[in-house]
Structure formats: structure tokens, C-alpha cells
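K.L.:
give me a model of this one.
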Amino acid sequence: MYRSCRFLALLVFPIIVFGAPAFALAQTGSANAPATQAPIQAQITALQTAVTNAQTSGDNAWMLVSAALVLLMTGPGLALFYGGLVRKKNILGTMMQSFAMMGLITILWAVVGYSLAFGHGNFFIGGFEHLFLRGVGLGPSPYAPTIPSQTYMIYQLMFAIITPALITGAFAERMKFSGMAVFLSLWSLIVYTPMAHMVWGVGGLLNSTGGRFPSLDFAGGTVVHITSGVSALVTALYLGKRIGYPKTAMPPHSLVLSFIGACLLWVGWFGFNAGSALSAGPLATSAFVNTHFAAAAAALGWTIFEWLHNGKPTALGAISGAVAGLVAITPASGFVQPMSALLIGLLAGFFCSFLVLIIKGKLGYDDSLDAFGVHGMGGTLGALLTGVFAVAVINPAFGNDASGHPLPTGGIDGHWAQVGNQAIGAGIAWLISLIGTPILLFIVDKTIGLRVSPEDENEGLDLSQHGEEGYDFNS
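P.N.:
Now for the predicted structure:
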């Protein structure tokens, strides 16, 4: 009996000692529930704000780095690439053309260019709501809500800079600096900004989200490469051939400089394509991988074709092939899988080398540095192949169906009509370039003049246009 009572006491005692306070605490907690929930909700709100700020900081950091990488493509990348390909008497004049775009287009973009490209307007061109960057502040961008509007603006500026700079390769060694500055400044407003608005701007004709002809252009195949490449051909034909072309040999004066420039272009292109994801997420990774794969495959494709055609693989061919692959993958970089990127690059290498090494000679036009063969035709090929190889598993660009499943994106996804939309987008880029460029050339030519005199051309752009030389071997 004693043992039973002792056992019962040991069992009840902890319940009395610990249970009563616990019961009292529970009663107190229940009474203070509203007061406790308020701090918890405040903590949840603070945590959500911290997560949002972290995402904004990460995305903004990537986009600012990407903007710097795209600027790197123009100077020093394109400046060195083009500068090494001309004769040494024209190196400074050629490099100055790219550098001039870094200054002139920046000013135009701030005043009116950004507004025309990304402001609200009609299906063809934006309006004047962002004139002098009005309303473009540090708040979230309507085009990319996790980065400031100014970050989006400055990133797009770098595209606007390099696009007219690409055209300079076609008229290298024979255009006046003053004529070049006025022509390309006007071109950026009359040709580039409408195309950028139609493809990327709100309400644009070719915008993939709501446009009349939704065209997939992740990073500028139509906006940048087709417009600049086709305009390059028009400019070369308008100006005519260089004195002595093609009878006089005009080899590159420094393939070393061009090699360095091409490598800088390759590196900068990661900002060009992967940055177009507008965030530091998986889509940026996909575009980054695709960019690299296409460049490598195109360098191989061009090298093989040239090796078979000329008997030797050249450094110039390899770097030209890499650029052709980078051009072709640009519109597709955020829509295709890695193996598709390899195929696109390989096709671009063969296709562009065939145009430059065979067709250009047969037609006889003097596109000095092959801006049309690489950018115009490479961009067109890439735009069409985007319609073939784009897949929703990488980028569900057209949203989901009623069941929540991603709608097919490109041909191999089951949406072959997209190839037609891509053809329309490429055709409009060709059309606006073929119409706008000769008009601007004619206006500038009849007012201040475009081509240097024969004497100045023989002397070289460095001395005739700038009064200095790129190389002083006597000092």
C-alpha cells in the first residue's frame, strides 16, 4: 500500500508542479494572442522586404556588369577588331568612328532616343514621354521590375551605341569623319529606334507579348544585326569601292589587334545576350551557355570551310567565324537548348564564310570589313533559326494554355507558324534599312558630303581627317 501511494505521488507531483504554470502560461498566451501576432507579421513583412531587396541587388549588379560588358564590345572590342583589319594609315580614323558613337549616341539617347524606343507610342515608334529622361528614375523599370529604370535605360543605351558602329566596317577607309558622325547619328534615330520599339517596346508591332506579328528576338538579331548589316551594304554600294579595289591588295595591317578585339567581343557578348534576361536567374545561364557554344561551333565551321576552299585555316577566318556565330545566336540565345545553339553556330560558320569568301567576290561589292556578310546575313539566318529551335522548356514566351501548360514556342515545339513570324520580323528589319539608309545617305551627301577626296583617301584617314598617325616609327 505504501509503495502504491508513493508511486501515485511521484506521478501526480510533476503534473501539479509543471502543469499548472503551463496551463497559466497557455491562458496568458491566449489572452495576448493579438499582441503577439503583430510582431510576427512585422517580421514576415520585413523578411519579404529583405528578400525583394536581395533580388533587386543581385539583378541590378548583374545588369550593370552586363551594360559594362556591352560597352566593352564597342570600345575596345570593335575598335580593335575593325582597326586591325584596315591599312595602317587608317587605324585611328577607323577606331575613332567607334569611339565617336560612344559619345554621340549617348547624348542622343538621353535627349530623345530612349523615349522613341521605349516610350509609349504607336506600333511603329515610341512617344516623347521620356524626353530628356523624364520619368526615368531609380524606381522599378516597367520592362524589368527587379531593376531600376535607369539601369534598364543605360543597358539599352549600350545596344544603341554598338549598332551604328557596326556599319562603319562597310565604309572603312573612305568616309569623312563629319559625314560619318551626322549620318550615323540620324540613322540611330530614324532606323534603330523604330526597330527597337517594334521588337521590344510596349505596343510594338513585333513585340513577342502582344504584337501583331510576335517575333522572338532575345538580344537583337533583327534590331541590331540585320539593321546594321543591311544598312552597311547599302552604304558600301552608295559610296562605291575604295580606290584600287579589288586590283590593289588591301590586307589587314595587324591581325594581332583584330585577334584581341575579337576575343573582347566574345567576352562582351555574354553581357549582350545573357544580360538580356534582365535578371541573374536561370534564363541568363541558358543564354550565357548558348552564346559560348554557338561562337565555338561557328569558329570551327568557318575554319573548316576556309581550309577546304583555300587550303589553309587562317586566324582571320577563325575570328570572323566566332563573330558570325555570336551574331546568329543573338536572337535565339534565350529560347533554345545548348545542342541547338551548337547547330546554329555551325550553320552560321559555313553560311557566312560561303558568302564572304565566294559570293562577295562574284558580286564585286566593296564591303570593306564584311559587315553585311557577317551581321546582315548572319542575323537573318539566326532570326529564322530562332523560329525553328525555340522551345518553351527554356522560355515560355507565349505564356500558358487554359490547363496551365506552356504554349509551344518554335517549330520543334510544334509551333511552325513562328518561323513565319520570324520571317516577317526579319523582312521589316530589311525594309526599314533599305528605305531609311539611302535617304539619309543622300541628305548628308548633298549637304556636308560623305566621301573623302581621292587625295585624302590615298593619304589615309588618320592624317586627312585627324591630323595624326596611329604609328610614329621615327620617334
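K.L.:
list the buried residues in the top helix by length along the chain.
P.N.:
Counting by DSSP state H, the longest helix found in the chain is helix 33-72. The neighbour-count check on helix 33-72 (16 or more other CB atoms under 10 Å) flags 55-56, 59-60, 62-64, 66-67, 69-72 as buried. Quick note: C-beta positions are derived from backbone N, CA and C, even for glycine.
K.L.:
same check, this time on stretch 302-316
P.N.:
Across stretch 302-316, burial judged by 16+ other CB under 10 Å covers 302, 303, 304, 305, 306, 313, 316.
K.L.:
adding secondary structure, distance to residue 379 and pLDDT, write these out as a markdown table.
P.N.:
Output for the buried residues of stretch 302-316, formatted as a markdown table (DSSP: H, G, I helix; E, B strand; the rest coil; distance: CB to CB, whole Å; pLDDT from 0 to 100):
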| residue | secondary structure | distance to residue 379 | pLDDT |
| --- | --- | --- | --- |
| 302 | helix | 16 | 98 |
| 303 | helix | 21 | 98 |
| 304 | helix | 22 | 98 |
| 305 | helix | 19 | 98 |
| 306 | helix | 21 | 98 |
| 313 | coil | 25 | 97 |
| 316 | helix | 21 | 98 |
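K.L.:
quickly check the residues you listed for the two that are furthest apart.
P.N.:
304 and 316 (14.9 Å; CB to CB).
K.L.:
and residue 165, how far from residue 101?
P.N.:
4 Å (CB to CB, to the nearest Å).
K.L.:
cool, and residue 263?
P.N.:
Distance from residue 263 to residue 101, by CB to CB: 21 Å.
K.L.:
over to residue 366?
P.N.:
Distance from residue 366 to residue 101, by CB to CB: 22 Å.
K.L.:
wait, residue 229 touches residue 383, no?
P.N.:
No - Residue 229 lies out of contact with residue 383 (CB atoms under 8 Å); the separation is 11.4 Å.
K.L.:
now the angle from the helix or strand residue 287 falls within to helix 33-72?
P.N.:
Using DSSP states H and E, the element containing residue 287 is helix 282-310. For helix 282-310 against helix 33-72, the angle by axes from the mean of the first three to the mean of the last three CA atoms, to 10 degrees is 20 degrees.
K.L.:
distance between helix 282-310 and the chain's centre?
P.N.:
Distance of helix 282-310 from the chain centroid (CA atoms, centre = their mean, to the nearest Å) equals 17 Å.
K.L.:
please name every helix or strand in contact with that helix.
P.N.:
helix 255-273, helix 315-329, helix 338-354 (3 or more CB pairs under 8 Å, 6 or more residues apart in numbering; DSSP states H and E).
K.L.:
ok, back up a step: more neighbours: which of residue 263 and residue 101?
P.N.:
Neighbours were counted for residue 263 and for residue 101 using other CB atoms under 10 Å; residue 101 has more, 28 against 15.
K.L.:
could you chop this structure up by domain?
P.N.:
The chain is divided into the following domains under automatic domain parsing: 1-26, 44-466.
K.L.:
picking that back up, overlap in contacts, residue 165 and residue 101.
P.N.:
Contact criterion CB atoms under 8 Å, 6 or more residues apart in numbering; residues shared by residue 165 and residue 101: 74, 184.
K.L.:
tell me the SS of the closest residue to residue 370 other than its chain neighbours?
P.N.:
Distances taken as CB to CB, 6 or more residues apart in numbering put residue 356 closest to residue 370, at 5.0 Å, once the chain neighbours are dropped. Applying DSSP: H, G, I helix; E, B strand; the rest coil to residue 356 yields a three-state assignment of helix.
K.L.:
what segments of the protein are strands?
P.N.:
Assigned strands in the chain: none (criterion: DSSP state E).
K.L.:
the nearest residue to residue 182 once chain neighbours are set aside - how many residues pack around it?
P.N.:
Sequence neighbours aside, residue 444 is the residue nearest to residue 182 in space, at 5.2 Å (criterion: CB to CB, 6+ apart). By other CB under 10 Å, 23 other residues sit near residue 444.
K.L.:
who's in contact with residue 444?
P.N.:
With CB under 8 Å, 6+ apart, residue 444 has these contacts: 179, 182, 183, 186, 450.
K.L.:
for the third one, which non-adjacent residue is spatially closest?
P.N.:
Right, residue 183. In space, and not counting its chain neighbours, residue 183 is closest to residue 444: 4.6 Å by CB to CB, 6+ apart.
K.L.:
just the fourth one next, same as before
P.N.:
Spatially, and ignoring its direct neighbours in sequence, residue 186 is nearest to residue 440 (5.1 Å; CB to CB, 6+ apart).
K.L.:
does the one you found really touch residue 188, like I thought?
P.N.:
No - counting by CB under 8 Å, residue 440 sits too far from residue 188 to count as a contact (10.3 Å).
K.L.:
can I get stretch 271-290 in CSV? Just the C-alpha atoms.
P.N.:
Extracted C-alpha coordinates of stretch 271-290, given in CSV (Å, rounded to 0.1, in the frame of the first residue of the first chain):
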residue,chain,number,x,y,z
GLY,A,271,26.6,40.8,-71.4
PHE,A,272,24.9,41.3,-74.7
ASN,A,273,23.0,38.0,-74.6
ALA,A,274,22.9,36.8,-71.0
GLY,A,275,22.2,40.3,-69.8
SER,A,276,19.1,40.4,-72.0
ALA,A,277,17.5,38.0,-69.5
LEU,A,278,17.2,41.2,-67.4
SER,A,279,17.9,39.2,-64.2
ALA,A,280,20.5,37.0,-62.7
GLY,A,281,18.4,33.9,-62.9
PRO,A,282,18.4,30.6,-64.9
LEU,A,283,17.5,32.2,-68.2
ALA,A,284,20.7,34.2,-68.0
THR,A,285,22.6,31.0,-67.6
SER,A,286,20.9,29.5,-70.6
ALA,A,287,21.7,32.5,-72.8
PHE,A,288,25.3,32.5,-71.5
VAL,A,289,25.9,28.8,-72.3
ASN,A,290,24.2,29.2,-75.8
